[in-house]
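Engineer: need a structure here:
(one chain, ligands or ions: 2)
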Amino acid sequence: MPGAYISPSILSGDFADLANDCQRILDLGADWLHVDIMDGHFVPNLTLGPPIVKSLRDHIPKGKAFLDCHLMVSNPLQWVPDMAAAGADQYTFHYEAAVEKTDEVIASIKEHGMKAGITIKPGTPVEVLDPYFSKVDLVLIMTVEPGFGGQKFMPEMMSKVKYIRERYPELNIEVDGGLTADNIDVATQAGANCIVAGTGVYKAESPRDAIVVLRNSVLKQQGKL
Ligand SMILES: O=C(CO)[C@H](O)[C@H](O)COP(=O)(O)O
Ligand SMILES: [Fe+2]
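Structural biologist: Ligands and ions are numbered 1, 2, ... in the order given. Reported below is the predicted structural model:
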């Protein structure tokens, strides 16, 4: 059975005080840090890139934080070496940006010593990932249109999560977009075990409690609580 991983999206954090902000979220109980990298081309927003990931890594060394990086970029192959050198732990790329080169991107990520994740936008059918489930470490099902934090969770994406979980009981399945303490059970009942939450953690009255609620929902579905 896969673990329970809560991955607050630092998109909702303070980019001008990133290291302290990330350390605070880790101290509050986060398992991973979700790093949203947007290139202004694959999605209509710009965030950060390898130099900032490297700076963050310099402050929080490997082993002290798992950097769960979500690449919303048009050329995922291009950024693999730089992200590995910057200290990323996991590199999740969009299938839509790599249709012709999916196997090549997965191989490159692994060759560079990172965990490989693949993700699809809400409009992409889950079956396109059939050839890749056994080749990746994680599948991310987007529950909002990628590009911005603070959007509304799309429960209709849960059929994709169920489809994967029925076939792959051990695979890490992540959900990303609009997850909060109020809708988390829908996602964990479908089989999600890696939970990204930006607004749902950072804007919660108690981020610490929000992380506990998210994790307990995963653990409960796994019969561990
Ligand atoms: O990938 C993303 C957006 O493209 C973010 O990870 C996601 O939106 C998290 O923020 P929130 O929990 O506020 O929706
Ligand atoms: Fe994300």
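Engineer: Return the residues in contact with the residue of the chain found nearest ligand 2.
Structural biologist: Going by CB to the ion, ligand 2 is nearest to H70 of the chain, at 3.7 Å. Where you see a C-beta, it was placed from the backbone N, CA and C, and this is true even at glycine. Counting by CB atoms under 8 Å, 6 or more residues apart in numbering, H70 makes contact with 34-37, 92, 117, 119, 140, 176, 196.
Engineer: Which of those fall within helices?
Structural biologist: Of those, none are assigned to helices by DSSP state H.
Engineer: Also within reach of ligand 1: list those from the residues you listed.
Structural biologist: 34, 36, 176, 196 (CB under 6 Å from any ligand atom).
Engineer: Which strand residues bridge the second one?
Structural biologist: If I follow you right, that is D36. H70 (DSSP bridges).
Engineer: shouldn't it be in contact with D68?
Structural biologist: No - taking contacts as CB atoms under 8 Å, D36 lies outside contact range of D68: 9.9 Å.
Engineer: and the residue of the chain closest to ligand 2, what pLDDT?
Structural biologist: The score at H70 is 99. That number is its pLDDT.
Engineer: repeat for N183
Structural biologist: pLDDT, N183: 98.
Engineer: What residue, apart from its backbone neighbours, is nearest it spatially?
Structural biologist: Closest residue to N183 apart from its sequence neighbours, by CB to CB, 6 or more residues apart in numbering: F153 at 5.1 Å.
Engineer: more crowded one of D36 and D68?
Structural biologist: D68 (30 against 24; other CB atoms under 10 Å).
Engineer: Could you give the backbone dihedrals for that one?
Structural biologist: phi -90, psi 90 (degrees, to the nearest 10).
Engineer: ok now do it, which residues does it touch?
Structural biologist: 5, 7, 32-35, 89-90, 92, 117, 174, 194, 196.
Engineer: taking those one by one, which sit in strands?
Structural biologist: The strands, defined by DSSP state E, take in 5, 7, 32-35, 90, 92, 117, 174, 194, 196 from the contacts of D68.
Engineer: mind checking how far P125 is from A107?
Structural biologist: The gap separating P125 from A107 is 24 Å, by CB to CB, to the nearest Å.
Engineer: Pick out whichever of the two has more residues nearby.
Structural biologist: Between P125 and A107, counting by other CB under 10 Å, A107 is the more crowded of the two (15 against 10).
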